[in-house]
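Peer 1: structure here, sequence nowhere to be found:
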């Protein structure tokens, strides 16, 4: 058998045992062997590994039937904390969560947009040390760090390929965090982390195929299939903002012509509005529309139509059972919800898929990226690779 | 442990053992236990099941080391045939393939476009009986039938929800085939079957994420992730032809406005051409373009631009490592290959993904759907569910 196959089976077996202990505790080694079909030797080896690392608690008790002593295994939940970090241009958020994905603490801090990657990581390190003190958290319980970053992120090598927001280009961020914080660190695209959190903790928990769409400074999406992030080959799947809508259209910041996000990103809407008025943000645009300014009504209307196009196109490509909408324009302006919920959207959806999905609104706005990043750190820890 | 978990583990274990025998034969039960970490009892139970059904051959031999007899297991390849059928408006194709996916026979027959589903299935039954006779194939070796059909196919219930080409609407096709042919039958969307075949037997065999794009009477795509068809919730993922490109554009046959396929489907190109000339097919259109007719040059040019849009959008959404292009327009006109291969396409691709994929051209034009459908029948047989 090839080395690759062996590793794969080992990893799967460890995963299976860990999840069975997590979900069926207290449980004995013999029960684990029966449940999994693994040999007692295999089970014992895996349990010994988890035990050595402190993640399993054993308690002895007399079984009722034959009077033999059996060791009952449970997970040492308090032993396992992960840190989730959301990193953006002007701020970062730090969350500390337990094994069940509950946030013990979540705080937000300012970031200087021009600081170097190293300065940012050292800033986070000092902040985290302080947080451990304030919250009386034992740093030894932390098993890993997850960081959600906007941009193109190579989650495997831990390198930020390009983050326009942070101004980072080929930055080995995971290694920097590891070096300064002292924990194994996984980095990922923030939207993928957010989608994972929305799936596990948010409104689409029972969904088997969840698509998250976020409207903001760009338009992005992420797909969760059976609880796993679909990444594609370069962790870039879901970049719907750069699907082309009109090859004769407006030039996008990416250099291509007619990308979807040139129609619907916040900047595009405000730029259009600036032709008619001196407004500078979405609330002013919607206010102008509500006051009956025809130019504002048309921009808002057009924005909603292209949001409908986005949803239809996600449905056609991913055929999810749930769509989660997020971003300021969705969450803060009732016109958008009315458009989505009261039939106008329906006319824009390919008919065979009309009744195939639910629409949810993001419920994890502030903590989404932090939670998802922490979950990714947890997943990484409990697997050899991922 | 829940029943669901038990079934899942049983199925996975059976799958694992089957694939290890298939790929590592000859192999002993003890080796299988070592390879998988399963108990000898579990391995023996699974082998006994496979043996009972006739799929495993045992041969005894003396092992060199200790002189004990060990039974070597191999798969009984000749025992396992599947039938793949491609069903279309004016014809059907029948293929019979072995366990390794080699076609023993492949034949094409005419179909009367107006005949009922029952008449079609009975026609296929008669044809198949004749084929068994002619080719001296023992019908008892056939483990199942797979049928690839254009349209929206519920592969789980075996119902053709809608096939415009066949004129079928809510037809329980799998049950009809089962009843008349006597074999377990799986039906699926033809493009998904084709993509599976292209992945397994065609040019993208080492790809981990393969996207097939087919340009024809419509535009469709299918995604294969790690060897499995990505179906979405209703087996409708990949309907890129109905992603909207221009919400103020041309009305599509689906009733929506501005679907991608209104720009690029063969019918759309020929309709556009009919404004200038009496041509009726693609070869005439390309011939007119080659002869320097400006209108034809522009239609061909526009078609290629929208094929570029299609490819970019597939890349952004699925981020595959391989794209397989198929359909007459790709395969028969060198202009299209020149466009794809000589840089023009590159300017239309989102820059971060420019070097993330290979383009292949379909190599299984005639046998693709038949092969893929047969593979689906094989998969169904070797799993409890799929």
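Peer 2: Cool, got the structure. Since the structure is predicted, the reported quantities are computational estimates derived from the model, not experimental observations.

Peer 1: model confidence score at the closest residue to residue A:153 other than its chain neighbours, please.
Peer 2: Distances taken as Cβ to Cβ, 6 or more residues apart in numbering or on different chains put residue A:189 closest to residue A:153, at 4.7 Å, once the chain neighbours are dropped. C-beta coordinates here come from the backbone N, C-alpha and C atoms, glycine included. The pLDDT attached to residue A:189 in the predicted structure is 97.

Peer 1: can you name every helix or strand that the strand or helix carrying residue A:82 contacts?
Peer 2: Here residue A:82, judged by DSSP states H and E, is contained in strand A:81-87. If you count contacts as 3 or more Cβ pairs under 8 Å, 6 or more residues apart in numbering or on different chains; DSSP states H and E, strand A:81-87 packs onto strand A:91-97, helix A:117-135, strand A:142-149, helix A:190-201, helix A:368-381.

Peer 1: SS state for the residue of the stretch 151-300 of chain A at minimum distance from chain B?
Peer 2: At 2.3 Å from chain B, residue A:232 is the closest residue in the stretch 151-300 of chain A, using Cβ to the nearest Cβ. Under the three-state scheme (DSSP: H, G, I helix; E, B strand; the rest coil), residue A:232 adopts coil.

Peer 1: my guess is it contacts residue B:320. True?
Peer 2: Yes - with contact defined as Cβ atoms under 8 Å, residue A:232 counts as touching residue B:320 (6.7 Å).

Peer 1: now do the shared contacts for those two.
Peer 2: residue B:209 (Cβ atoms under 8 Å, 6 or more residues apart in numbering or on different chains).

Peer 1: one step back: out of the helices and strands packed on strand A:81-87, nearest to chain B?
Peer 2: Ranking those by their distance to chain B (criterion: Cβ to the nearest Cβ) puts helix A:190-201 first, at 11.6 Å.

Peer 1: and for the residue nearest to residue A:55 when sequence neighbours are not counted, the neighbour number?
Peer 2: Distances taken as Cβ to Cβ, 6+ apart place residue A:76 nearest to residue A:55, at 5.5 Å, with adjacent residues excluded. As a burial measure, residue A:76 scores 15 neighbours (other Cβ atoms under 10 Å in any protein chain shown).

Peer 1: show me what contacts residue A:76?
Peer 2: For residue A:76, the contact set (Cβ under 8 Å, 6+ apart) comprises A:54-57.

Peer 1: enumerate the positions of stretch A:167-177 that are buried.
Peer 2: Going by neighbour count (16 or more other Cβ atoms under 10 Å in any protein chain shown), the buried part of stretch A:167-177 is A:168, A:171-174, A:176-177.

Peer 1: select from those every entry located in helices.
Peer 2: Per DSSP state H, helices hold the following members of those: A:173-174, A:176-177.

Peer 1: filter those by proximity to chain B?
Peer 2: For chain B, no contacts are drawn from these by Cβ under 8 Å from any Cβ of the partner chain.

Peer 1: need those residues in JSON lines (columns: pLDDT).
Peer 2: What follows is those, written out as JSON lines (pLDDT from 0 to 100):
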{"residue": "A:173", "pLDDT": "98"}
{"residue": "A:174", "pLDDT": "98"}
{"residue": "A:176", "pLDDT": "98"}
{"residue": "A:177", "pLDDT": "98"}
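
Peer 1: for those residues, work out which two are farthest apart.
Peer 2: Taking Cβ to Cβ as the measure, these span a maximum distance of 7.3 Å, between A:174 and A:176.

Peer 1: who's in contact with the residue in the stretch 251-386 of chain A that chain B sits nearest to?
Peer 2: Chain B sits closest to residue A:319 of the stretch 251-386 of chain A, with a gap of 2.4 Å, by Cβ to the nearest Cβ. Counting by Cβ under 8 Å, 6+ apart, residue A:319 touches A:209, A:353, A:356, B:231-239.

Peer 1: how about TSV for the residues you listed, with neighbour count, pLDDT and distance to residue A:135 added?
Peer 2: Shown next, in TSV, are those (neighbours: other Cβ atoms under 10 Å in any protein chain shown; pLDDT from 0 to 100; distance: Cβ to Cβ, whole Å):
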residue	neighbour count	pLDDT	distance to residue A:135
A:209	23	96	37
A:353	20	94	47
A:356	16	94	45
B:231	20	96	45
B:232	26	96	43
B:233	18	95	42
B:234	21	93	47
B:235	18	96	49
B:236	24	95	48
B:237	26	97	44
B:238	29	97	48
B:239	29	96	50
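
Peer 1: what is the nearest of those to residue A:310?
Peer 2: Relative to residue A:310, the closest of these is residue A:353; by Cβ to Cβ it sits at 14.2 Å.

Peer 1: setting aside sequence neighbours, what's the nearest residue to the closest one?
Peer 2: Leaving aside its chain neighbours, residue A:353 sits nearest to residue A:315 (4.9 Å; criterion: Cβ to Cβ, 6+ apart).

Peer 1: can you check residue A:222 too?
Peer 2: Nearest to residue A:222 is residue A:195, by Cβ to Cβ, 6+ apart, at 3.6 Å.

Peer 1: try residue A:22
Peer 2: residue A:75 (5.3 Å).

Peer 1: number of residues surrounding that neighbour?
Peer 2: Neighbours of residue A:75 under the rule other Cβ under 10 Å: 18.

Peer 1: what's near enough to touch it?
Peer 2: By Cβ under 8 Å, 6+ apart, the contact set of residue A:75 is A:18, A:21-22, A:25, A:55-57, A:99.

Peer 1: for residue A:247, same thing?
Peer 2: A:257-258, B:305-306, B:308-309, B:348.

Peer 1: nearest to residue A:298 among those residues?
Peer 2: Relative to residue A:298, the closest of the contacts of residue A:247 is residue A:258; by Cβ to Cβ it sits at 19.8 Å.
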